[in-house]
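Enquirer: Got a predicted structure plus its sequence, pasted below:
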Amino acid sequence: MAKIVILGAGMMGSAFTVPLSDNGHAVHLVGTHLDTDIIEEVHETHFHPRLRTYLPQSVQPYTHDRLGEALVGADLVVLGVNSLGVEWAARTLGPLLDPAVPVVMLTKGLAGDGARLHILPEVLRRGLPERYQDRVQLMAIGGPSIAGELAARRHTCIVLTGYDASLLERIAAMLRTPYYHVWISTDVIGVEVSVAMKNLYALAVGLVGGLLEKEGVADSGAVMYNLAAALFAQGLTEIHYMVKRMGGQERSIYTLPGAGDLYVTSQGGRNSRMGRYLGLGIPYSRAKAEYMPDDTIEGAELARAIGPTVEAMIARGELDGTRLPLLRTMVSIVCHDGPPEIPWDSFFKAD
């Protein structure tokens, strides 16, 4: 049995308590400064209001100001904040984290600084105290994992990625259950780029819901699966380009982190809901403010985080813009309230 601390009491961080508790680990769930209401509810009833399910009775909830107390004797730290919270998490964990304790990131995303793109484990590492940045073992989880299904103990298949294969095997053994299936990979770049970019392309697939509403179902009952499939395929094509361009491996693109995660994220959730509004022709700024003001739309946040850097890299010839037409379209839609016009003639360019 290990002591595992999860920072972030949102959907995925909280769902992750279920397989850990089923394995007999002592799980401490620490909310961020935005999770106070959730932590209070879990403390009183063990019911998670967003997951709409009861967490295991053994899970011990903590408010963020008690993080230091929760970390005492920890064997593993799991980061469950959203992509906007990684720098906050680094600042919060930094003074308290024992560098000998491994960290597993559930958070998905990329960051851009105008010059290059960064995977989030790099962002977290840079935010930790300099004296031990190089000592902390960082790992990440990628793959098709809907929080509600995991909390309901549905079969879920994921990849645990990091640079130390022996450590990955040890941590994977701590996580596996009869329903939570874990493979390991040392392709950190490939996994992280795939699982981040799938959010943006799931947002693109979500456009179809709004486009269908505008045009209407055909008298024959025909909908727009053809269109959704083409957007899915172009998204996967662009993920392939970016993974290879950043130094990742092809296997991650066409297995769980890329194809698998893009498929499940395209089935519903916040990216799909926002995509519907955009497909209806509602500008992103208005759709966000009026319909989803309190939701983090990971696909849109990715567009905002990397859009300017991608365009700068294209201008410098470091990326081939003709290989990323759907990415550029989604950046235009999200960052500039552009229209949902799909650049069909730019799709599926050969190498």
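Expert: Yes, it's here.

Enquirer: what domains does the record give for the chain?
Expert: 3-186, 196-346 (automatic domain parsing).

Enquirer: Please produce CSV containing these, extended by mean pLDDT.
Expert: Shown next, in CSV, are the domains of the chain (pLDDT from 0 to 100):
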stretch, mean pLDDT
domain 3-186, 96
domain 196-346, 96
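
Enquirer: Tabulate those (JSON lines), appending mean neighbour count.
Expert: The C-beta positions use only the backbone N, C-alpha and C, and glycine is treated the same way. Formatted as JSON lines, these follow (neighbours: other Cβ atoms under 10 Å):
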{"stretch": "domain 3-186", "mean neighbour count": "19"}
{"stretch": "domain 196-346", "mean neighbour count": "19"}
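
Enquirer: tell me the phi and psi of residue 117?
Expert: phi -100, psi 150 (degrees, to the nearest 10).

Enquirer: Apart from its neighbours in sequence, what residue is nearest it?
Expert: residue 110 (5.4 Å; Cβ to Cβ, 6 or more residues apart in numbering).

Enquirer: Roughly how far does the one you found sit from residue 262?
Expert: 15 Å (Cβ to Cβ, to the nearest Å).

Enquirer: same thing with residue 145?
Expert: From residue 145 to residue 262 the distance is 13 Å (Cβ to Cβ).

Enquirer: All the helices of the stretch 1-150 of the chain, residue numbers only.
Expert: Secondary structure of the stretch 1-150 of the chain (DSSP state H, counting those that start in this stretch): helices at 11-15, 17-22, 36-45, 67-71, 86-93, 120-127, 147-151.

Enquirer: I'd like to know which elements the fourth one is packed against.
Expert: What it means is helix 67-71. In terms of contacts (3 or more Cβ pairs under 8 Å, 6 or more residues apart in numbering; DSSP states H and E), helix 67-71 is packed against strand 3-7, strand 26-30, strand 60-62.

Enquirer: Partner strands of the shortest one and their direction?
Expert: Counting by DSSP bridges, the strands paired with strand 60-62 are strand 26-30 (parallel).

Enquirer: so how far is the partner strand off the chain centroid?
Expert: 21 Å (Cα atoms, centre = their mean, to the nearest Å).

Enquirer: neighbouring contacts of that strand?
Expert: Identification of contacts with strand 26-30 by Cβ atoms under 8 Å, 6 or more residues apart in numbering yields 1-9, 13-14, 17, 20-21, 39, 42, 55-56, 58-64, 66-67, 70, 74.

Enquirer: Could you tell me the angle between it and helix 86-93?
Expert: For strand 26-30 against helix 86-93, the angle by axes from the mean of the first three to the mean of the last three Cα atoms, to 10 degrees is 120 degrees.

Enquirer: Alpha carbons only: can I get strand 26-30 in PDB?
Expert: Output of strand 26-30 as PDB, limited to C-alpha atoms (Å, rounded to 0.1, in the frame of the first residue of the first chain):
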ATOM      1  CA  ALA A  26      -4.200   5.700   1.100                       C
ATOM      2  CA  VAL A  27      -5.500   8.500  -1.100                       C
ATOM      3  CA  HIS A  28      -5.500  12.200  -0.100                       C
ATOM      4  CA  LEU A  29      -7.500  14.400  -2.400                       C
ATOM      5  CA  VAL A  30      -6.400  18.000  -2.200                       C
END
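
Enquirer: before we move on, back to that, and residue 89, which of the helices and strands packed on helix 67-71 is closest to it?
Expert: Nearest of the helices and strands packed on helix 67-71 to residue 89, taken as Cβ to Cβ: strand 3-7 at 6.1 Å.
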